[in-house]
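K.L.:
Let me see the structure of the following:
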Amino acid sequence: MKPLDLQTLASLANGTVAARDGRTVSRVVTDSRQVRPGDLFVALKGERFDAHDFLPQVMASGATACLVQKGRAEASDECVMIEVDDTLAGLQDLARGYRAMVQPLIVGLTGSNGKTSTKDLAAVVMACRFQTRATTGNLNNHIGVPLTLLSLEECDECGVVEMGMNHAGEIKTLVDIALPDAAIVTNVGMAHIEHLGSQDAIGWEKATLPANVHGEGVVVLNANDRYTDLIARHCQATVYRAGTGVGDVRAFDLRAGAEGTAFKLDFSGEVVETFLPVIGEHMVGNAALAACMGWAHGIAPADIAEALRGSRLTSGRMETKSIAGILFIDDSYNANPDSMKAGLNALAALRNAGRKIAVLGRMGELGPHAAEGHQAVGRHAAGLKLDAVLTVGEEAAMISGAAAPCESRNFGTHEACSAHLKELLRPGDAVLLKGSRSAGMEKVLHHFQNA
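P.N.:
So this is what the prediction gives:
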């Protein structure tokens with residue numbers, strides 16, 4: 001963040017501050033454990049915590065100022081209190097005001113699957129022309145988006161901001177804070193259907209982002225997604241489509257290998273060859289979306305192709321690791337039925353010498369659709385004729401139970417599954433690890449490596 005004096009901070013956050021000593025702040029944090037001298041700490045309050053309780057530690061760590069609820073804390077000579085009615089609203093107001101002050105090009109990004117990977121790829125592509133900063137990890141909610149915006153430096157020309165949701169209305173909140181100039185929607189799937197009730201409702205929520213991009217902006221939609229035409233009709237910005245095999249920017253001639261996927265990109269007649277150092281056809285689709293956003297902002301196809309070759313994704317997204325000649329594909333960060341099937345497709349498409357084995361955990365936020373969602377993944381694995389489908393946990397047993405005629409087995413713990421893999425695996429085999437965040441499927445790999 002560019003240095004801001006305390007009075008400006010208070011004004012942007014719709015708060016009040018008594019100090020007028022000229023000190024400035026150049027970083028905003030919400031985690032008391034991360035406070036460094038010179039920071040502004042925002043004392044958020046949740047259902048199970050109240051960060052006002054940690055203000056003594058924050059002040060001892062050298063914070064210059066704290067954003068607090070009125071009447072909850074007293075300033076010291078070293079640490080000033082900026083008072084607001086509500087600290088979450090104050091953080092969001094501060095981010096909105098700061099975004100308007102620095103005025104970068106903001107690319108908002110949402111979708112049911114592939115948000116973080118597409119965000120990583122879009123940031124790499126946009127950096128060909130603009131000084132670019134992107135969401136760290138997946139800080140994509142009502143707290144993460146403001147922190148992302150407040151991390152923008154004065155020299156940054158572009159911010160790629162990931163926007164997540166699991167309830168209706170949440171995308172609009174994020175859009176009103178970020179005020180995006182451009183948008184990417186990766187797809188409309190079944191993620192968070194427990195809270196939204198139907199895929200149509202999910203599609204409507206995702207459409208909130210592109211529909212609110214201004215008329216001089218750019219929207220990139222997935223040419224392979226059945227909701228794209230409907231979303232496009234609600235956009236005032238210029239709409240481009242990108243995908244695998246179709247689109248204004250289309251990826252074709254895919255050649256998958258253990259190191260990633262070689263493919264061609266057709267930019268409405270201009271064709272370039274490139275390589276994505278991550279496996280999975282769905283990842284190529286994400287790359288096409290990112291490439292289209294760059295192309296729409298004047299970046300040359302050859303430069304986009306070169307940027308994709310050097311791209312790296314956030315950990316836990318189709319991350320490959322070779323251990324004793326066995327290829328592990330760590331896609332453990334999160335999962336829903338659509339992303340599970342995409343991961344299984346990537347495993348099946350590998351040209352490895354040995355067997356293909358899926359190790360899967362539960363999928364969350366499916367509500368009444370949980371049984372069908374898990375069973376559908378099992379049937380999909382069976383249709384791909386994988387060599388084995390192993391699952392961890394009671395709910396995930398619905399996957400392996402539906403995976404016949406594949407060899408299938410359910411385990412009660414990650415450690416037990418890992419012990420079985422120790423006996424089962426041979427050099428040349430490939431293993432996909434995937435499940436919702438709550439399933440913690442990376443623990444299987446941890447036990448395998450450390451047993």
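
K.L.:
pretty sure Tyr227 is touching Gly203, no?
P.N.:
Yes: if you go by C-beta atoms under 8 Å, Tyr227 and Gly203 touch, sitting 4.3 Å apart. Bear in mind the C-beta positions are built from the backbone N, C-alpha and C, glycine included.

K.L.:
between these two, what contacts are shared?
P.N.:
Shared contacts of Tyr227 and Gly203, defined by C-beta atoms under 8 Å, 6 or more residues apart in numbering, are found at Val188.

K.L.:
How many neighbouring residues does the residue lying closest to Glu154 once chain neighbours are set aside have?
P.N.:
In space, and not counting its chain neighbours, Glu154 is closest to Lys2: 4.0 Å by C-beta to C-beta, 6 or more residues apart in numbering. Lys2 has 14 neighbours, counted by other C-beta atoms under 10 Å.

K.L.:
What ranges does the stretch 101-250 of the chain have for its helices?
P.N.:
115-126, 144-150, 170-178, 193-196, 199-211, 228-232 (DSSP state H, counting those that start in this stretch).

K.L.:
Run the chain-centre distance for the second one.
P.N.:
The gap between where helix 144-150 is centred and where its chain is centred comes out at 14 Å by C-alpha atoms, centre = their mean, to the nearest Å.

K.L.:
Quick one: list the elements packing against it.
P.N.:
Counting by 3 or more C-beta pairs under 8 Å, 6 or more residues apart in numbering; DSSP states H and E, the packing neighbours recorded for helix 144-150 are helix 87-102, strand 158-162, helix 170-178.

K.L.:
List the buried residues for stretch 222-234?
P.N.:
Neighbour-count burial for stretch 222-234 flags 222-225, 227-228, 231-232 (criterion: 16 or more other C-beta atoms under 10 Å).

K.L.:
Include distance to Gly22 when you put those into JSON lines, please.
P.N.:
Listed next are the buried residues of stretch 222-234 as JSON lines, based on distance: C-beta to C-beta, whole Å:
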{"residue": "Asn222", "distance to Gly22": "50"}
{"residue": "Ala223", "distance to Gly22": "53"}
{"residue": "Asn224", "distance to Gly22": "55"}
{"residue": "Asp225", "distance to Gly22": "52"}
{"residue": "Tyr227", "distance to Gly22": "52"}
{"residue": "Thr228", "distance to Gly22": "52"}
{"residue": "Ile231", "distance to Gly22": "48"}
{"residue": "Ala232", "distance to Gly22": "50"}
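
K.L.:
May I see these organised as CSV, with pLDDT and distance to Lys341 added?
P.N.:
Shown next, in CSV, are the buried residues of stretch 222-234 (pLDDT from 0 to 100; distance: C-beta to C-beta, whole Å):
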residue, pLDDT, distance to Lys341
Asn222, 97, 16
Ala223, 97, 19
Asn224, 96, 14
Asp225, 92, 14
Tyr227, 93, 17
Thr228, 95, 19
Ile231, 95, 22
Ala232, 96, 25
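
K.L.:
for these, which one is nearest Cys66?
P.N.:
Ile231 (41.3 Å; C-beta to C-beta).

K.L.:
correct me, but that closest one touches Leu209?
P.N.:
No: the criterion here is C-beta under 8 Å, and Ile231 misses it with Leu209 at 9.3 Å.

K.L.:
any common contacting residues for these two?
P.N.:
Val185.

K.L.:
Leu347: what's it in contact with?
P.N.:
Contacts of Leu347 (C-beta under 8 Å, 6+ apart): 329, 356, 358, 384, 386, 430, 432.

K.L.:
Closest one of those to Ala258?
P.N.:
Ala430 (7.9 Å).

K.L.:
what's the burial count for the closest one?
P.N.:
27.

K.L.:
With Val188 instead?
P.N.:
When neighbours are counted by other C-beta under 10 Å, Val188 comes out with 28.

K.L.:
Same question for Arg255.
P.N.:
Count around Arg255 with other C-beta under 10 Å applied: 11.

K.L.:
nearest residue to it other than its sequence neighbours?
P.N.:
Nearest non-adjacent residue to Arg255, counting by C-beta to C-beta, 6+ apart: Ala262, 4.5 Å away.

K.L.:
quick one: that neighbour from Arg309, how far?
P.N.:
10 Å (C-beta to C-beta, to the nearest Å).

K.L.:
list residues touching both of those two?
P.N.:
274-275.

K.L.:
Dig out what Leu109 forms beta bridges with.
P.N.:
Glu162, Ile184 (DSSP bridges).

K.L.:
what residue ranges in the stretch 351-451 of the chain score low on pLDDT?
P.N.:
451 (pLDDT under 70).

K.L.:
right, I mislabeled it, should have said the stretch 101-250 of the chain
P.N.:
Judged by pLDDT under 70, the stretches of the stretch 101-250 of the chain that qualify are 166, 190-197.

K.L.:
now with 50?
P.N.:
Filtered on pLDDT under 50, the stretch 101-250 of the chain yields no residues whatsoever.

K.L.:
any idea what sits nearest Gly97, other than its immediate chain neighbours?
P.N.:
Nearest residue to Gly97 in three dimensions, chain neighbours excluded: Leu12, at 3.4 Å (C-beta to C-beta, 6+ apart).

K.L.:
quick one: the one you found and Gln92 touch, right?
P.N.:
No: under the criterion of C-beta under 8 Å, Leu12 is not in contact with Gln92, lying 10.6 Å apart.

K.L.:
The residue lying farthest from the centre of the chain and Asp21, how far apart?
P.N.:
Going by C-alpha atoms, centre = their mean, the residue of the chain most distant from its centre is Asp77, 40.5 Å out. Asp77 sits 10 Å away from Asp21, going by C-beta to C-beta.

K.L.:
how does this protein divide up, domain by domain?
P.N.:
Domains of the chain are assigned by automatic domain parsing as 4-88, 104-309, 319-450.

K.L.:
List the strands paired with the strand or helix carrying the residue nearest to Arg255, with their directions.
P.N.:
Under the criterion of DSSP states H and E, Ala262 resides in strand 260-267. Using DSSP bridges, the strands paired with strand 260-267 are strand 249-257 (antiparallel), strand 270-276 (antiparallel).

K.L.:
mind listing what the residue nearest the centre of the chain touches?
P.N.:
The centre of the chain sits closest to Thr116, judged by C-alpha atoms, centre = their mean, with a distance of 2.6 Å. Neighbour list for Thr116: 135, 137-138, 140, 162, 313-314, 317, 333 [criterion: C-beta under 8 Å, 6+ apart].
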